[in-house]
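> Sequence first, then the predicted structure, then my questions.
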Amino acid sequence: MTDSDLRYEGGKVRLHVEGPLRAGETVLLEDGQAHYLLRVMRAKPGDRVSLFNGSDGEWLARVAGVAKRSCTLACERQTVPQTSVPDLWLCFAPIKKTPADYVVQKATELGVRVLQPVFTRRTIVTRVNLERMRANAVEAAEQSDRLDVPECRAPLGFDKLLAQWPKDRTLIFCDEGGAPSFAEAALPDGPAAIFTGPEGGFDPAEREALRALSFVTPVSLGPRILRADTAALAALTLWQSIRGDWR
């Protein structure tokens, strides 16, 4: 890195882009990203930033052109080869706006590959803003040195989720009604998903339906009742330490 590299508190400036990244390729930033780079970070021609797109690794790019509402970046060299996060999904009952934003941001940092909202019987929230969800995931990926952004899926109803569930993927059901701990549960290697409920917990009929399925593994998150957002992040942390890329 050189003196012309832009920096924010704690690390380098990173931007997620959609186009291909390779030597000599130019990337056009418009609207929000250009405003951030030019007005907030006060970039000028010659400054360097890091770019990633989820498939080509991380690249060092130079600010090559500046216009009123756009900015052109020129790719120079790859600095980090592409890697992938573990094949872990988070299925979660939507919760009110601020905790939901927090869950998306922290789940992205914790290496979730797919974010899947699920409407359960006790879910209070009736609408999910996918654009907001995606924006939070992108921002978290940019700030955490992650090389991709998790897939943000449209919400599903509880019954539909189970009906179309891929049987080769273990569904780890966070059961507040009693189950083995993460350390004691038989968690196989391979594709997995964490499933956490809403503020009021899972309905008894939902718990019974989940426990009857062969691909579901119930687990406990300890002796205390956790908030929905706390439960999701605690479960992700435990899985990463036991079966993920923290081992």
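Okay, I see it. Source: prediction; values computed, not measured.

> contacts and neighbour counts: CA atoms only from here.
Noted.

> which residues of the chain score low on pLDDT?
Scanning the chain for pLDDT under 70 picks out 1-11.

> let's go with 50 and repeat that
1-3, 8-10 (pLDDT under 50).

> What separation do you get for the residue lying closest to Ser144 once chain neighbours are set aside and Val85?
Counting by C-alpha to C-alpha, 6 or more residues apart in numbering, Glu109 is the residue found nearest to Ser144 once chain neighbours are left out, at 6.0 Å. From Glu109 across to Val85, the span is 10 Å (C-alpha to C-alpha, to the nearest Å).

> Name the residue in the two with the higher neighbour count.
The neighbour comparison of Glu109 against Val85 (other C-alpha atoms under 10 Å) goes to Glu109, with 19 against 16.

> Surely that one is in contact with Ala140?
Yes. Between Glu109 and Ala140 there is a contact under C-alpha atoms under 8 Å: 6.3 Å.

> what's across from the residue lying closest to Thr170 once chain neighbours are set aside in the sheet?
Leaving aside its sequence neighbours, Thr170 sits nearest to Ala192 (C-alpha to C-alpha, 6+ apart; 4.6 Å). With DSSP bridges applied, Ala192 shows beta-bridge pairing to Leu88, Thr170.

> For Ala192, give me its contacts.
Asp87, Leu88, Trp89, Arg169, Thr170, Leu171, Ile172 (C-alpha atoms under 8 Å, 6 or more residues apart in numbering).

> Format the CA atom coordinates belonging to the longest strand seen in the chain as PDB.
Identified as the longest strand of the chain according to DSSP state E is strand 70-80. C-alpha atoms of strand 70-80 as PDB (Å, rounded to 0.1, in the frame of the first residue of the first chain):
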ATOM      1  CA  SER A  70     -19.800   9.400 -11.100                       C
ATOM      2  CA  CYS A  71     -16.300   8.100 -10.700                       C
ATOM      3  CA  THR A  72     -14.300   5.700 -12.900                       C
ATOM      4  CA  LEU A  73     -11.800   3.300 -11.300                       C
ATOM      5  CA  ALA A  74      -9.100   1.400 -13.100                       C
ATOM      6  CA  CYS A  75      -8.200  -2.100 -11.900                       C
ATOM      7  CA  GLU A  76      -4.500  -2.500 -11.300                       C
ATOM      8  CA  ARG A  77      -3.800  -5.900  -9.600                       C
ATOM      9  CA  GLN A  78      -5.400  -8.600  -7.500                       C
ATOM     10  CA  THR A  79      -4.400  -8.400  -3.900                       C
ATOM     11  CA  VAL A  80      -6.400 -11.300  -2.400                       C
END
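
> so what secondary structure elements neighbour it?
strand 26-30, helix 31-35, strand 58-66 (3 or more C-alpha pairs under 8 Å, 6 or more residues apart in numbering; DSSP states H and E).

> Show me the contact partners of it.
Counting by C-alpha under 8 Å, 6+ apart, 21-31, 34-35, 38, 57-66 sit against strand 70-80.

> one more time with 6 Å, if that's ok
23-30, 34, 57-65 (C-alpha atoms under 6 Å, 6 or more residues apart in numbering).

> What pairs with that strand, parallel or antiparallel?
Paired strands of strand 70-80, with direction, are strand 26-30 (antiparallel), strand 58-66 (antiparallel) (DSSP bridges).

> What is the neighbour count of Gly222?
Other residues close to Gly222 by other C-alpha under 10 Å number 15.

> Does it fall in a helix, a strand, or a coil region?
coil (DSSP: H, G, I helix; E, B strand; the rest coil).

> middle-most residue in this protein, spatially?
For the chain, the residue sitting closest to the mean C-alpha position, by C-alpha atoms, centre = their mean, is Thr108 at 2.6 Å.
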